[in-house]
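Q: Prediction below, plus the sequence it came from.
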Amino acid sequence: MNESGNNRPFDVIVYGATGFTGQLVAAYLLREYGVARDLRWAIAGRNAAKLEQVRDDLGTDAAALETLVADSHDKDAMATLAQQTRVVLTTVGPYALYGSELVAACVDAGTDYCDLAGEVQWIRQMIDTHSKRAAETGARIVHCCGFDSIPSDIGVWFLQDEAMKRHDAYCQSITMYVKATKGTFSGGTMASMMNIMEEVKKDRSIARVMADPYALNPEGEREGPDGYDQQSVERDDDTGYWTAPFVMGGVNMRVVRRSNAIAGYPYGRDFRYRETMLTGDGVSGRLKGTTMTLGLGALVLGASFGPTRSFLKKFVLPKPGEGPSPELQKTGFFNLMQIGKLPDGQSLQTRITGDQDPGYGSTSKMLAESAVCLAKDGLATGGGVWTPAAAMGATLLARLRDNAGLTFDVVD
């Protein structure tokens, strides 16, 4: 961020603190950093009474926590919010509906920003609209700071760093395998998916952006060796297991490719990256993969038509602001594996785990630590629209390991 940010009253403002994920972020920041100590932070949203209730629910330790009222569609309110802090952390989605004014305000104010966006079409719009101006003002805009796409993006950074240390070369290709997860899909994620379908219906060009493997690369750099996302059950030659499409892969893969591009292609222009879900071996593995693929296809198909989309939103899918019980959050987890292929044919394998459910518990910790990293860690990164790995790399990796319950390990 620009130098003027050092004189602002707050290091971090949590915008959307009255929502389910926002409350988790606030509780985490209170637990880890207290109030008005080394980290100066506040909570914000559009309803003063609800903000005060959130503060009260946090307990007496949060009595000094300041609350700020601002509506996401009020341009002046967004500008005022951005001017008061070094970093805005926002959980208010779908971001295509509620995020554009806030990003613009942060860019103009030279304020750092992080979110949980997984909406490729909107992130592409933010890149095209704000990259140049953010570089001028010093604002670091970092999307995708939750389960999509920190484990993937920081995971690739970690694997490639280990490859260089151990083999003096970067991997030419990396595959991330989802081995196991326990948790529920975020209501916000589902709402974003529904909104994307509505946007596609109005503008077919959005479908082309969503399908482009390099949609998030800088303008003029949107090509490479990776093809379209996995659409069917496939047998993976490296593991011998059957695999199914991974629903979060659509944004994760594009974020990783952008990281390579905006870093100047350290992994090479021919670097390949993909993500998939392991479903097992033999007939049972293939059947499980088929069932998962058909279920995902049915969800996408249902979301493509107005009547069924309304039915899903009303009766089937979790609502934004809803989430699992504290017990379910704590018993959730994720276990991912990455396999990288080196130029000499050798492989390097890593394991990435999280100690809470990916959609809420782990995501809230990842987002909070991203904001603190931007605010407090003196990053050399200049202004621009970044990815987590390109903006924060090793510094965020250390925070995630030390504070957020994530592990990144080489499997020897």
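A: Right, received. Where do you want to start?

Q: residue ranges for the strands of the stretch 201-350 of the chain, please.
A: Under the criterion DSSP state E, counting those that start in this stretch, the stretch 201-350 of the chain contains strands at 234-235, 242-244, 272-280, 333-341, 347-354.

Q: In JSON lines: the ones you listed, plus mean pLDDT.
A: As requested, these are exported to JSON lines (pLDDT from 0 to 100):
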{"stretch": "strand 234-235", "mean pLDDT": "97"}
{"stretch": "strand 242-244", "mean pLDDT": "98"}
{"stretch": "strand 272-280", "mean pLDDT": "98"}
{"stretch": "strand 333-341", "mean pLDDT": "97"}
{"stretch": "strand 347-354", "mean pLDDT": "98"}
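
Q: if I look at G227, how far off is L30?
A: When distance is defined by C-beta to C-beta, to the nearest Å, G227 is 46 Å away from L30. (C-beta placed from N, C-alpha, C; glycine too.)

Q: neighbour-wise, which of the two wins?
A: Taking neighbours as other C-beta atoms under 10 Å, G227 and L30 compare with L30 leading, 18 against 9.

Q: Low-confidence ranges, the stretch 151-300 of the chain, go.
A: By pLDDT under 70, the low-scoring segments of the stretch 151-300 of the chain are 185-187.

Q: quick one: the helices in it?
A: For the stretch 151-300 of the chain, the helices defined by DSSP state H, counting those that start in this stretch occupy 187-202, 205-211, 249-262, 282-303.

Q: List of residues touching the longest one?
A: By that I understand helix 282-303. Applying C-beta atoms under 8 Å, 6 or more residues apart in numbering, the external contacts of helix 282-303 come out as 193-194, 197, 231-233, 235, 241-245, 247, 277, 279-280, 308-309, 311-312.

Q: Filter those down to the buried ones.
A: Among those, those buried by neighbour count (16 or more other C-beta atoms under 10 Å) are 193-194, 197, 233, 241-245, 247, 277, 279, 309, 312.

Q: Check the residues you listed and tell me the two furthest apart.
A: When C-beta to C-beta is used, the two most widely separated members of these are Y241 and R309, lying 33.4 Å apart.

Q: coming back round to it: winner for burial among the strands of the stretch 201-350 of the chain?
A: Among these, strand 242-244 has the highest mean neighbour count (mean count of other C-beta atoms under 10 Å), at a mean of 26.

Q: Give the other helices and strands that that strand contacts.
A: On a contact count with 3 or more C-beta pairs under 8 Å, 6 or more residues apart in numbering; DSSP states H and E, strand 242-244 meets strand 234-235, strand 272-280, helix 282-303.

Q: got JSON lines for these, with distance to K165 too?
A: Formatted as JSON lines, the helices and strands packed on strand 242-244 follow (distance: least, C-beta to C-beta, whole Å):
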{"stretch": "strand 234-235", "distance to K165": "32"}
{"stretch": "strand 272-280", "distance to K165": "20"}
{"stretch": "helix 282-303", "distance to K165": "34"}
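
Q: Tell me which of these approaches V142 most closely.
A: Relative to V142, the nearest member of the helices and strands packed on strand 242-244 by C-beta to C-beta is strand 272-280, separated by 19.2 Å.

Q: How far away from the center of its chain is that closest one?
A: Chain-centre distance of strand 272-280: 18 Å, with C-alpha atoms, centre = their mean, to the nearest Å.

Q: burial of the residue nearest to V247 when sequence neighbours are not counted, as a residue count?
A: Once flanking residues are discounted, V247 sits nearest to L296: 6.0 Å by C-beta to C-beta, 6 or more residues apart in numbering. Neighbours of L296 under the rule other C-beta under 10 Å: 16.

Q: next one: H73
A: By the criterion of other C-beta under 10 Å, H73 has 12 neighbours.

Q: Quick check: it touching E101?
A: Yes. With contact defined as C-beta atoms under 8 Å, H73 reaches E101; the gap is 6.3 Å.
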